[in-house]
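Please find the sequence and the predicted model below.
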Amino acid sequence: MDKISLGGLILGVIAIVGGQVLEGGHVASLVQPTALLIVCGGTLGAVMLQSPFAVFRRGFRMAKWVWMPPLVDYRRTIDQVIVWSQISRREGLLALENQIPRLPDPFVKRSLQMLVDGADPERLREVMEVEIDSYEDELRQGAKIWEAAGGYSPTIGILGAVMGLIHVMENLTDPSRLGAGIAVAFVATIYGVGLANLVYLPIAGKLKYHIARLVTLRVMLVDGLVGIAVGDNPRIIESRLKGYHVQS
């Protein structure tokens, strides 16, 4: 689990609630189901309206990366490429065909198959980079739904505030009902801005970080396979791959 994400969310909530208490307010005054319904429901509806179903579903599934990041093992990939390089130097490229059935990742399979089939190095790079670009675009489209939610949420919060004020105006003759309307009005704004800046936009930022790492892993793999195709020494390939921002 990504502990810093959980810690950041908890710290943000504590800071806001703690500030309310230190100012002499009550925590209960921040709990307004009506305001929450307006902000969350309105934001969800706006995001659904702008997004195709496949993109919307992908974005929500990717949200788990904030807590459970996808596995990105640069060191393992480098070691794997070096083993392939050594095999190809000893036995030839065709010997790598035995490695293909063992690979779980379809992208890696296709890349290695092109290498075994004797594809021109530049052609290999060109074809796989097109696939990488498509892969990155799909993931970024998923992350953008959280960016969109971060943009809509404050506006929906203002809408909730206006609705609350309308309710207040309609009940000026009944002082007992004014407090609830004003509370909904101001708390809706808090929910809109708070969710945008503490949840939606940070999630989008974290997803972009993980997307960048996944894309770098694929680019690094293709670079290594191109090195094998042109006959580079395994030590040279390893040194070049280590030039990527390697983090386990």
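Right, received. Where do you want to start?

which helix of the chain spans the most residues?
With secondary structure taken from DSSP state H, the chain has its longest helix at helix 121-170.

show me the contacts for the spatially most central residue of the chain.
For the chain, the residue nearest the mean C-alpha position is residue 207 (1.7 Å; C-alpha atoms, centre = their mean). Residue 207 makes contacts with 62, 63, 65, 66, 139, 142, 143, 146, as judged by C-beta atoms under 8 Å, 6 or more residues apart in numbering. Heads up, the C-betas are built off the backbone N, CA and C, glycines and all.

chain center to whatever helix or strand it lives in: distance?
For residue 207, the host element (DSSP states H and E) is helix 201-229. Offset of helix 201-229 from its chain centre (C-alpha atoms, centre = their mean, to the nearest Å): 13 Å.

circling back: I'd like to know which elements the longest helix of the chain is packed against.
helix 33-50, helix 53-62, helix 106-116, helix 178-195, helix 201-229 (3 or more C-beta pairs under 8 Å, 6 or more residues apart in numbering; DSSP states H and E).

could I get the ones you listed as TSV with distance to residue 4 and mean pLDDT?
Shown next, in TSV, are the helices and strands packed on helix 121-170 (distance: least, C-beta to C-beta, whole Å; pLDDT from 0 to 100):
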stretch	distance to residue 4	mean pLDDT
helix 33-50	25	93
helix 53-62	18	95
helix 106-116	29	93
helix 178-195	20	81
helix 201-229	9	95
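
Residue 74 reaches residue 219, doesn't it?
No - the pair residue 74 and residue 219 does not pass the contact test of C-beta atoms under 8 Å, sitting 11.2 Å apart.

Now do the shared contacts for the two.
Taking C-beta under 8 Å, 6+ apart as the contact rule, residue 74 and residue 219 both touch residue 244.

Which one of these two is surrounded by more residues?
Shown here are residue 74 and residue 219; by other C-beta atoms under 10 Å, residue 74 has more neighbours (19 against 16).

can you tell me how far the residue of the chain positioned farthest from its centre sits from residue 163?
No residue in the chain sits farther from the centre than residue 173, which is 49.9 Å out by C-alpha atoms, centre = their mean. Shown here: residue 173 relative to residue 163, a distance of 19 Å by C-beta to C-beta, to the nearest Å.
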